[in-house]
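> Provided below for reference: sequence and predicted model.
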Amino acid sequence: RQVQTNEVQPRLQPRPAAVIQLSSQSDIAKEKKLQQLKPIQIGTAATIDTTYKDQINDLTKVFREQNQKQQQQQQLQQQQLQQNKEKPDDDERQSKYIQTLLNEKVLTQPSLTLNSIHGMQSTKDLITNSILLPLNFPQLFSKIQIYNKVLMFSLPGCGKSHFIKCIAGETQRKLISATPSQLFSKYQGQSEKLVRALFQLADQQKPCILFLDEIDSLCSQRSSDDSESSRRIKNEILIQMDSCSKEILFVAATNLPYEIDSAVRRRFEKRLYIDLPDAEARLNMFLNWVNKPVCLDLQYLVQQTQGFSGADLQIICNNINFVPILKLQKATCFEKIDGKWRIGGDKKVNLIDLKGEEIEEPDVEMDDVVDILKKTKSSIQEKDIKMLQKFRDEFGSE
């Protein structure tokens, strides 16, 4: 019951609204709501209007939420500090990736030279002028820009990897050779770290040659269907190519140059086409790879193998060299002359019975070679040759 009195109690002066530092838009809206609070009036009987009770509850709720946010921020900062303590330094982590590549035996010191390649003189001249001369005689190129990023493209089996080993041998530089399978990782974020470690390893070994085979597998043309991992790998390769030291010769090889992303292709100052073996090259291959070439019509072989790659020719030579073994395996009669067993005579003996004995191999005849050529076809298609020649005409830089 309220007490009636003639004395009028003075009203209390309004209290200032609480000032709170807020960080989000929702908190700013709450602050505006608090500023609209009216001062609480206390009568003689200390009655409180229910409207002001709701306003006080709102104020209490704001303070509670603010305290919870501060606690969450403190917990997050503590977690980040703990994670930083547990993680090793970046240098230490990168050294682990470099060691992973070394375990794959990517670092070698080849001793081959261009003389080990039979024929293909035009290709050897191209490599000599574009790569070997600037590396072996840098004093002659003091006023000429030396390019250190080269793209080699050709049909499969034309010896790109062998040419790289010859370049390393001619320049007496260490060779770091990697394939996409050595850089891909099933763990997120590790593939681009392996790419970075590959270039860091080259930087430690400079002057050297860094060779990346099948670059089209890593740097295909970008599309909306690319995965996040694929985009990160491409970006990392672009970054490393831009910062690559002039003491590192970066050479990439591909059979599908038109599949390479344009941004990556542009960064290769030299784009060299390795052609199929010419007639002179094929003749030299038969002379060096066939065990008894004097017994054969080599010119016939050269004419019948036009459009064959070096790998195709090696298969043909291996098949020719295997013919004497097949004849010995099928023979049923042997005779021993001057301490050697050879096919002939009337003694029923097979090859298994002559294990450990000295055996004379029979000659290869042209009929055998013709039969081999009928069974061995070229792995190269005419449309593939035209596509590469078109790319050379449009983007080649020799």
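Perfect, I can see it now.
> ranges for the helices of the stretch 251-398 of the chain?
Assigned by DSSP state H, counting those that start in this stretch, the stretch 251-398 of the chain shows helices spanning 262-266, 279-289, 298-304, 310-330, 366-375, 382-395.
> CSV for those helices, including mean pLDDT, distance to residue 231 and mean neighbour count?
The C-beta positions use only the backbone N, C-alpha and C, and glycine is treated the same way. Shown next, in CSV, are the helices of the stretch 251-398 of the chain (pLDDT from 0 to 100; distance: least, CB to CB, whole Å; neighbours: other CB atoms under 10 Å):
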stretch, mean pLDDT, distance to residue 231, mean neighbour count
helix 262-266, 92, 12, 16
helix 279-289, 90, 41, 18
helix 298-304, 93, 48, 16
helix 310-330, 92, 34, 17
helix 366-375, 92, 46, 14
helix 382-395, 91, 23, 13
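> Could I get the ones you listed in CSV, plus columns for distance to residue 110?
Output for these, formatted as CSV (distance: least, CB to CB, whole Å):
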stretch, distance to residue 110
helix 262-266, 26
helix 279-289, 19
helix 298-304, 29
helix 310-330, 18
helix 366-375, 32
helix 382-395, 26
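> Ok, which of the ones you listed comes nearest residue 129?
helix 382-395 (16.5 Å; CB to CB).
> which helices and strands does the host helix or strand of residue 169 pack with?
Using DSSP states H and E, residue 169 falls within helix 160-171. Applying 3 or more CB pairs under 8 Å, 6 or more residues apart in numbering; DSSP states H and E, one finds that helix 160-171 makes contact with helix 121-127, helix 133-136, strand 149-154, strand 174-178, strand 208-212, strand 248-254.
> can we see that at 10 Å?
helix 121-127, helix 133-136, strand 149-154, strand 174-178, strand 208-212, strand 248-254, strand 270-274 (3 or more CB pairs under 10 Å, 6 or more residues apart in numbering; DSSP states H and E).
> so which of those gets nearest residue 226?
strand 248-254 (18.3 Å).
> and that closest one with strand 208-212, angle?
Between the axes of strand 248-254 and strand 208-212, defined by axes from the mean of the first three to the mean of the last three CA atoms, to 10 degrees, the angle is 20 degrees.
> what's the spacing between strand 248-254 and its chain's center?
Strand 248-254 sits 11 Å away from the centroid of its parent chain (CA atoms, centre = their mean, to the nearest Å).
> try stretch 349-368
47 Å.
> in the chain, which segments are predicted with low confidence?
For the chain, residues meeting the criterion pLDDT under 70 lie at 1-55, 79-94.
> let's see 50
1-3, 5, 7-9, 12, 17-22, 38, 40-47, 86 (pLDDT under 50).
> check contacts around the residue nearest the centre of it.
Centroid-nearest residue in the chain, with CA atoms, centre = their mean: residue 180, separated by 4.0 Å. Shown in contact with residue 180 (CB atoms under 10 Å, 6 or more residues apart in numbering): 191, 212, 213, 214, 215, 216, 217, 218, 219, 233.
> State the distance from it to residue 257.
Distance of residue 180 to residue 257, computed by CB to CB, to the nearest Å: 16 Å.
> repeat for residue 195
20 Å.
> okay, now the domains of this protein?
25-86, 93-274, 279-379 (automatic domain parsing).
> Name the stretch among those domains that sits most buried.
domain 93-274 (a mean of 17; mean count of other CB atoms under 10 Å).
> now that domain, how far from the centre of its chain.
9 Å.
> ditto for stretch 359-378
On CA atoms, centre = their mean, the centre of stretch 359-378 falls 41 Å from the chain's centre.
> got a list of what residue 366 touches?
Residue 366 neighbours (CB under 10 Å, 6+ apart): 295, 296, 297, 300, 301.
> Need those residues in JSON lines (columns: distance to residue 148).
Formatted as JSON lines, these follow (distance: CB to CB, whole Å):
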{"residue": "295", "distance to residue 148": "48"}
{"residue": "296", "distance to residue 148": "45"}
{"residue": "297", "distance to residue 148": "46"}
{"residue": "300", "distance to residue 148": "45"}
{"residue": "301", "distance to residue 148": "40"}
